[in-house]
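Chemist: Structure for the following, please:
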Amino acid sequence: MDQRVNRLERQSHDPEIDLRTALDKEMEPASEGSSPRGRARPWRLYGAVLAALIVVGAGGWWLWQQFTHVFVTDARVAADIVAVSSRVPGWVTAVEVIAGDSVRKGRILVRIDDRESRLLVQELDAQLAGVARRREQIGARIVLTGRQTESRITAKQAAVRAAAAALAAAAAQRDLAKTENDRAEKLAPSGAITRARLDQTRTALETTKQQVLSAQADLENARAALAEAEAAREELTVLQRQLAELGPEEQRLRAQRQRLALDLQDRTIIMPFGGVVDQTFVDEGEYVTPGQRLLMVHDPERVRVEANVKETDIRFFRPGKTVTIAVDALPGQRFPGTVTRVGQAATSEFALLPNPNPSGNFTKITQRLPVRIAVQQVGGALKPGMMVELEAGTGE
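Modeler: Sure, this is the predicted structure:
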């Protein structure tokens, strides 16, 4: 080694040549193909070139995507989450479900104590039954009174006719007696009839007059009795009015019963639609008030995506536009979606504390508008609240 160094030092005419570099060149073999290290260098070069091409291709693809597509990261899966509340107060006697249960439509969720409501319904049922009995009773009285009144009126009408006939007969007897008495009064002065005969005619006339008066009195009594019998028909009118008053009373009782039946029905909280239970807020034994939230449920088949899109990109999200949805929780899966609605006002307009900027200091901030996108549920994988990303093309 020392001899080789000395030889290189003697052969060097330039004092600035690095001895170590010369030594390395001296140690290299004449042919690179004959050494394993020499053979590895081309492959490393090829690998570096390939990596550079991949990086350049990926960068080009990224640039192409940025120029031809719009990406929205402020988006979530949403659904109509319904808060199930109680319309009536009471003690919770049973909670039939827990959070995460899949529940069909009409299944019982919560039961509230209904003992008092059942008793009130039974009380109104009894009152309605009493109204029905009273209606039957008044109806029977109307039939009986009607028949009795008609019979009495018929009898009194016959009595009036008989009294009228007796009055007519008495009047005829009176007229006959008056005629005989007048004849006797004319013959008596001439002595054609005796004094006794004259007295008889006078007595007969007076008797017939009294009979006429009696017949007139009987006729008046018969007519009065007929009027009384006909007045009994007013009792039928009173009974009919009593029967008619039962209608509104029964209607009022039925309305009260329907209201109590509704109260009784509302003490059993049922599932309004087929879906899942998101959360429960009450336990058995708690006292709930009207309007208190008991559970939260939603229909997993009716999900959507809601996004807040920059105002500079909103033109690419017209209704009917097809977009691509990527869910953070489902890497590698992409879902197609369709824009169904674009908000007519920026989200800042609905802020709790809007900024009217009265001072004049202005910082321009890109606003966002709400966009709703329809998406098809896939086996219940899309759940409300999941973060998603949207990709929409900028071309027509």
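Chemist: which residues of this protein fall in helices?
Modeler: When assigned using DSSP state H, the helices of the chain occupy the ranges 2-11, 19-27, 36-68, 115-187, 195-231, 233-266.
Chemist: These into TSV, with extra columns for mean neighbour count?
Modeler: Where you see a C-beta, it was placed from the backbone N, CA and C, and this is true even at glycine. Supplementary listing: those in TSV, determined by neighbours: other CB atoms under 10 Å:
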stretch	mean neighbour count
helix 2-11	10
helix 19-27	11
helix 36-68	10
helix 115-187	15
helix 195-231	15
helix 233-266	14
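Chemist: and Val323, which of these is closest to it?
Modeler: Between Val323 and the helices of the chain, the tightest spacing by CB to CB is seen for helix 36-68, at 13.7 Å.
Chemist: ok, back up a step: lowest average pLDDT across the helices of the chain?
Modeler: Set side by side, those give their lowest mean pLDDT on helix 19-27, at a mean of 42.
Chemist: Quickly list the domain ranges of this structure.
Modeler: Taking automatic domain parsing as the domain assignment, the ranges for the chain are 69-81+298-393, 82-113+266-296, 117-263.
Chemist: Any idea how many residues pack against Asp113?
Modeler: In terms of burial, Asp113 registers 15 neighbours under the definition other CB atoms under 10 Å.
Chemist: mind checking pLDDT for it?
Modeler: Taken from the predicted model, the pLDDT recorded for Asp113 is 95.
Chemist: And for Gly360?
Modeler: At Gly360, the model reports a pLDDT of 64.
Chemist: now the helices of the chain in JSON lines, with distance to Glu284?
Modeler: Conversion of those to JSON lines gives the following (distance: least, CB to CB, whole Å):
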{"stretch": "helix 2-11", "distance to Glu284": "97"}
{"stretch": "helix 19-27", "distance to Glu284": "87"}
{"stretch": "helix 36-68", "distance to Glu284": "56"}
{"stretch": "helix 115-187", "distance to Glu284": "16"}
{"stretch": "helix 195-231", "distance to Glu284": "69"}
{"stretch": "helix 233-266", "distance to Glu284": "18"}
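Chemist: Figure out which of the domains of the chain is closest to Leu45.
Modeler: Shortest separation from Leu45 across the domains of the chain is recorded for domain 69-81+298-393, at 34.4 Å, computed as CB to CB.
Chemist: What's the end-to-end length of the closest one?
Modeler: Across domain 69-81+298-393, the terminal residues are separated by 4 Å (CA to CA, to the nearest Å).
Chemist: Numbering from 4 from now on, please.
Modeler: Understood, numbering begins at 4; the last thing we discussed is domain 72-84+301-396.
Chemist: check contacts around Val228.
Modeler: Just so we're on the same page, residue 228 is Ala rather than Val. Applying CB atoms under 8 Å, 6 or more residues apart in numbering, we find Ala228 in contact with 159, 162-163.
Chemist: ok, of those residues, which one's closest to Glu231?
Modeler: Taking the contacts of Ala228 together and measuring to Glu231 by CB to CB, the closest member is Lys159, at 7.6 Å.
Chemist: just to revisit the earlier point, export the domains of the chain to TSV and tack on distance to Ala51?
Modeler: Conversion of the domains of the chain to TSV gives the following (distance: least, CB to CB, whole Å):
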stretch	distance to Ala51
domain 72-84+301-396	30
domain 85-116+269-299	54
domain 120-266	81
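Chemist: nearest to Trp46, of the ones you listed?
Modeler: Shortest distance between Trp46 and the domains of the chain, using CB to CB, is found for domain 72-84+301-396: 32.6 Å.
Chemist: How about the contacts made by Ala173?
Modeler: By CB under 8 Å, 6+ apart, the residues touching Ala173 are 211, 214-215, 217-218.
Chemist: Would you convert those into a markdown table that also reports distance to Phe353?
Modeler: Compiled in a markdown table, the contacts of Ala173 are given as follows (distance: CB to CB, whole Å):
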| residue | distance to Phe353 |
| --- | --- |
| Thr211 | 112 |
| Gln214 | 108 |
| Val215 | 106 |
| Ser217 | 104 |
| Ala218 | 102 |
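Chemist: got the contact list for Thr327?
Modeler: For Thr327, the residues meeting the contact criterion (CB under 8 Å, 6+ apart) are 337-340, 393-395.
Chemist: nope, Arg90 is what I was after
Modeler: Arg90 makes contact with 269, 293-294, according to CB under 8 Å, 6+ apart.
Chemist: Output the residues you listed as a markdown table; include the columns distance to Ala332.
Modeler: Compiled in a markdown table, those are given as follows (distance: CB to CB, whole Å):
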| residue | distance to Ala332 |
| --- | --- |
| Asp269 | 38 |
| Pro293 | 38 |
| Gly294 | 35 |
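Chemist: ok, so of the residues you listed, who is nearest Gly133?
Modeler: Asp269 (27.2 Å).
Chemist: Now do the contacts for the closest one.
Modeler: Applying CB under 8 Å, 6+ apart, the residues near Asp269 are 89-91.
Chemist: Would you format those as CSV with pLDDT and distance to Leu263 included?
Modeler: Conversion of these to CSV gives the following (pLDDT from 0 to 100; distance: CB to CB, whole Å):
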residue, pLDDT, distance to Leu263
Ser89, 92, 16
Arg90, 91, 13
Val91, 92, 11
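Chemist: Dump those residues into JSON lines; add distance to Ala247 as well.
Modeler: Listed next are the contacts of Asp269 as JSON lines, based on distance: CB to CB, whole Å:
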{"residue": "Ser89", "distance to Ala247": "41"}
{"residue": "Arg90", "distance to Ala247": "36"}
{"residue": "Val91", "distance to Ala247": "35"}
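Chemist: Alright, I will stop here.
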